[in-house]
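*Asks:* Prediction below, plus the sequence it came from.
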2 protein chains.
Amino acid sequence: MVLSETIFAGEGVSGAPVDGAGAEPTLRQQAVLDAALALIVDPKATLTMSSVARAASCSKESLYKWFGDRDGLLTATVQWQAARVRGVPLSGGAFDRERLVESLERFAADWLTVLTGDTSVALNRLAVGEAAGAGGGRNLGRIVLENGPVAMGRRLTPVLELGLKAGLIAFADAGEAFRDFFGLVVRDVQIRLLLGDRLQLAPSDIRADASRATRHFLALYGVDERPERPSNASKGKE
Amino acid sequence: MVLSETIFAGEGVSGAPVDGAGAEPTLRQQAVLDAALALIVDPKATLTMSSVARAASCSKESLYKWFGDRDGLLTATVQWQAARVRGVPLSGGAFDRERLVESLERFAADWLTVLTGDTSVALNRLAVGEAAGAGGGRNLGRIVLENGPVAMGRRLTPVLELGLKAGLIAFADAGEAFRDFFGLVVRDVQIRLLLGDRLQLAPSDIRADASRATRHFLALYGVDERPERPSNASKGKE
DNA sequence: TTAGTACCGTACCGTACGTTACGGCGGGTC
DNA sequence: GACCCGCCGTAACGTACGGTACGGTACTAA
């Protein structure tokens, strides 16, 4: 049906570099995506093609030319936001217990900060809502999932492996260890936010939560002053 | 606007008992709510007033008479589903470590079973989606929240208090302890399900997860063979 | 029999929104 | 200047859906 090539269908019109799953949006398109993002985050605004066009001062015709359809626009918006969250790499050096704690705490704090942000809540809401229908925007959920828990795991796993190799922590499955860390960090915060619960964590709260999660995680997986502890690392079945 | 009294506005038309926040729906209305629930759960069905009327073999006029508007129907449906999940009380008796572990494991297993069910996923999706807009169905999120994490906490807290009084576990704040247990049980399961991730836990998986969560929770809060442990219960600031 | 009640089925209305089409404008190129 | 191209602004179309109105039917009660 759509005969014009969008930024997701094959090679882009302009000579933009291709990374992963599509061409880079042009500056104009980035402005449009930012406008869409603002509309998604704004609680008293509705996200329609018309509202995006109005907010971005562009025509709906351009929206359809650039993004194909509504789902394409949403997908591009989510990817656009996801692209700017990357980072926070782990600085190298000697890896002792001090640095492990620092890495975990920083990680948990960063994660909680992102998670409780308006943008993250709005995008997760959007993706969850879109994941309901059968044939609809099936991509959104996967994209958010990929840039949410999965990305967090990908970024944390090297830290855990370093801690394992340094003899600071012990686990059979890094994935399981990560999921426990995830649970200790996030707890019920995300679902409460998604369900509309007013709940804003001040930076001091986030720091305290990150510290507590790290402490608890190390209490479960740490090999400090308690060598024998068959309770956590023994389930090596998966 | 609506001049007819619905099952939520004041005393019900029929002499139904009132419990908490509204009258009990009649049998016919219960059938309608079941039909709505089935539509919500069905991934390839859309929930509209017309589809509910068609599925329940009733007229839309009756829907509006009984439930006021779409939001009232959704609210009644969520409450109807929530009403049938209650239960699983804790059986009395001597409370030793054995029974604490059993209670926690049973609790975690029940919770995971409900959480990963199609109905729970669908209702949470619905509530999350409805929590997006500004003036829309502001109740749904609160209802699901109330019958989800909050209800879980209300049901688990007595168990924790018993464990505390029996000297089996130690904590300063039962709410914080519960939230840690929540995180250890749920981890990333719920958000992954909500985002559309295929992920079904077999009963054996659920049992294993419940056991692991309980083990980890007791490793954090238990006072078994390690009396000194300043890491978990010392943060008594809130 | 008649009136009243509760309900079903369906047609209908207004609106919101996704999608398409069209007119106009500015900025390049020959 | 003539032409084309990309884009803006807006009108228009089709559909989906929330909400309302109305006729028809079964049942009850006087």
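*Replies:* That came through fine.
*Asks:* okay, and the helix or strand of chain A with the least pLDDT?
*Replies:* helix A:138-145 (a mean of 87; mean pLDDT, DSSP states H and E).
*Asks:* quick one: that one near chain B?
*Replies:* Yes: Helix A:138-145 lies within reach of chain B by CB under 8 Å from any CB of the partner chain, at A:138, A:141-142, A:144-145. The C-beta positions use only the backbone N, C-alpha and C, and glycine is treated the same way.
*Asks:* mind listing what's buried in that helix?
*Replies:* Neighbour counts over helix A:138-145 (16 or more other CB atoms under 10 Å in any protein chain shown) mark A:139-145 as buried.
*Asks:* and which of those is nearest to DNA strand D?
*Replies:* Checking the buried residues of helix A:138-145 against DNA strand D by CB to the nearest atom of the strand gives A:Leu140 as the nearest, at 18.5 Å.
*Asks:* ok, now which ones touch that closest one?
*Replies:* A:71, A:74-75, A:78, A:126-127, A:130-131 (CB atoms under 8 Å, 6 or more residues apart in numbering or on different chains).
*Asks:* can you do 10 Å?
*Replies:* Taking CB atoms under 10 Å, 6 or more residues apart in numbering or on different chains, we find A:Leu140 in contact with A:71, A:74-75, A:77-79, A:123-124, A:126-131, B:195-196.
*Asks:* Buried subset of those residues, written for ChimeraX?
*Replies:* For the buried members of the contacts of A:Leu140, the matching ChimeraX selection, counting by 16+ other CB under 10 Å, is:
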select /A:74,75,77,78,79,123,124,126,127,128,129,130,131 /B:195,196
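*Asks:* Which ones among the contacts of A:Leu140 map onto helices?
*Replies:* Under the assignment DSSP state H, those contribute A:71, A:74-75, A:77-79, A:123-124, A:126-130 to helices.
*Asks:* Next SSE downstream of the least confident helix or strand of chain A?
*Replies:* Note on helix A:138-145: by DSSP states H and E, the next helix or strand toward the C-terminus is helix A:151-165.
*Asks:* Report all helices and strands that that following helix contacts.
*Replies:* helix A:97-116, helix A:174-186, helix A:203-221 (3 or more CB pairs under 10 Å, 6 or more residues apart in numbering or on different chains; DSSP states H and E).
*Asks:* List, one by one, the residues from chain A near DNA strand C.
*Replies:* A:1-2, A:46-50, A:59-61, A:64, A:69-70 (CB under 7 Å from any atom of the strand).
*Asks:* Let's see that with 10 Å instead.
*Replies:* A:1-4, A:45-53, A:59-65, A:67-74 (CB under 10 Å from any atom of the strand).
*Asks:* what residues go with each domain of chain A?
*Replies:* Chain A is divided into the following domains under automatic domain parsing: A:1-84, A:97-221.
*Asks:* next one: phi and psi at A:Ile169?
*Replies:* phi -130, psi 160 (degrees, to the nearest 10).
*Asks:* In contact with it, which residues?
*Replies:* By CB under 10 Å, 6+ apart, the neighbours of A:Ile169 are A:97, A:100, A:104, A:159-163, A:177, A:217-218, A:220-224, A:232-233.
*Asks:* hmm, who's touching stretch A:154-163?
*Replies:* A:86-90, A:92, A:95-97, A:99-101, A:103-104, A:106-108, A:110-111, A:146, A:153, A:168-171, A:174-175, A:177-178, A:181-182, A:185, A:217-218, A:221-223.
*Asks:* Drop anything exposed from the residues you listed.
*Replies:* So, by 16+ other CB under 10 Å, the buried ones in the contacts of stretch A:154-163 are A:90, A:95, A:99-101, A:103-104, A:107-108, A:110-111, A:146, A:153, A:168-169, A:171, A:174, A:177-178, A:181-182, A:185, A:217-218, A:221-223.
*Asks:* mean confidence score for stretch A:214-231?
*Replies:* Averaged over stretch A:214-231, pLDDT sits at 75.
*Asks:* cool, and stretch A:96-104?
*Replies:* Stretch A:96-104 comes out at a mean pLDDT of 93.
*Asks:* Determine how far the least confident helix or strand of chain A lies from the middle of the whole chain.
*Replies:* For helix A:138-145, the separation from the chain centroid amounts to 11 Å (computed by CA atoms, centre = their mean, to the nearest Å).
*Asks:* In space, not sequence, find me the middle residue of chain A.
*Replies:* In chain A, the centroid-proximal residue (CA atoms, centre = their mean) is A:Gly148; its distance is 2.7 Å.
*Asks:* Flag the shaky bits of chain A, pLDDT-wise.
*Replies:* A:1-23, A:86-93, A:134-138, A:225-238 (pLDDT under 70).
*Asks:* Can you name the residues of it that neighbour DNA strand D?
*Replies:* Near DNA strand D, when you scan chain A using CB under 10 Å from any atom of the strand, you find A:4, A:13-14, A:26, A:28-29, A:31-32, A:49-50, A:53-66, A:133.
*Asks:* What remains of those residues if I keep only buried residues?
*Replies:* The buried subset of these (16+ other CB under 10 Å) comprises A:29, A:32, A:53, A:55-56, A:58, A:63-64, A:66.
*Asks:* Farthest-apart pair in those residues, please.
*Replies:* A:Ala55 and A:Tyr64 (16.2 Å; CB to CB).
*Asks:* what's the burial count for A:Arg125?
*Replies:* 23 (other CB atoms under 10 Å in any protein chain shown).
*Asks:* Contact partners for it?
*Replies:* Here A:Arg125 is in contact with A:40, A:144, A:193-196, B:128-133, B:194 (CB under 10 Å, 6+ apart).
*Asks:* out of those residues, who's nearest DNA strand D?
*Replies:* Once CB to the nearest atom of the strand is applied, the member of the contacts of A:Arg125 that ends up nearest DNA strand D is B:Glu130, at 11.3 Å.
*Asks:* what's the distance between that closest one and A:Trp66?
*Replies:* Distance of B:Glu130 to A:Trp66, given as CB to CB, to the nearest Å: 30 Å.
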